[in-house]
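Asker: Sequence and computational prediction follow.
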Amino acid sequence: MEVSCPKCGAARTGAESCPRCGLVFARFDASALDADVPEELKALWAHVEAGWDGRARHSLFTERAIALGCAAFAAARYRTRAADDPIAAEQLERLTARLEQALASTSLAEASGGDHPPRGKAAVYILAILLFLIAGAIGVALALR
C-alpha cells in the first residue's frame, strides 16, 4: 500500500516533508485533524468502516460531512485508503463532485442575488419614478394652459 500525505493526499516519497504541500511528517499531529470534528461525524465514520461495502453508509457520511463543514475530514479518511481500495477512490471522487456542485450552486445564488435590491424595493423605486414623471407631465400641462 502506498502511503499518502495526511494533509493533501500526495504520494509520500520517503522525504521528510510532503513534496506538494510541504507538511513535515515528523511534526504532524494526526489528532489535530480531528479536534474540531463533531462526535456525530466520527461515529458515522466508524459506521462506514464497520460496513465498508454499504453504499448508503458512505452516502450518509459524505452528505453529513458536507453539511457540517467537515469535508476535509471525510476526504482525509478516504485518502488513506484510496490507493488500494476502489470504493475509497470512488467515494473520494464523489465527495469532490458534491463539493464542486455545492460551490457552483452557492456561487450562482450569490451572483444572482448579489448587490441587487430586493424585488419589493425595486418595485417601489419604479413606482416612485413613474409618479414623479406623471406629476411632472401634469405640471407641464398646467403651465402651458
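Answerer: Right, received. Where do you want to start? Residues are numbered from 1 along each chain as shown.

Asker: Identify the nearest residue to the residue nearest the centre of the chain in space, disregarding sequence-adjacent positions?
Answerer: Nearest residue to the geometric centre of the chain (CA atoms, centre = their mean): L99, 4.6 Å. Distances taken as CB to CB, 6 or more residues apart in numbering put A71 closest to L99, at 5.6 Å, once the chain neighbours are dropped. Backbone N, C-alpha and C define where each C-beta goes, glycine included.

Asker: That neighbour reaches L95, doesn't it?
Answerer: Yes - judged on CB atoms under 8 Å, A71 makes contact with L95 at a distance of 6.5 Å.

Asker: Looking at those two, which is more packed in?
Answerer: L95 (21 against 17; other CB atoms under 10 Å).

Asker: now for the helix or strand harbouring that one, which elements pack on it?
Answerer: Per DSSP states H and E, L95 falls inside helix 86-113. Helices and strands touching helix 86-113, by 3 or more CB pairs under 8 Å, 6 or more residues apart in numbering; DSSP states H and E, are helix 55-67, helix 71-82.

Asker: so how far is R98 from the residue nearest to L99?
Answerer: Look at A71 and R98: by CB to CB, to the nearest Å, they are 8 Å apart.

Asker: Which among the helices and strands packed on helix 86-113 is found nearest to S105?
Answerer: helix 55-67 (11.9 Å; CB to CB).

Asker: Give me the contact list for that closest one.
Answerer: Residues outside helix 55-67 that contact it (CB atoms under 8 Å, 6 or more residues apart in numbering): 40-41, 44-45, 47-48, 51, 71, 73-74, 87, 91, 94-95, 98-99, 102.
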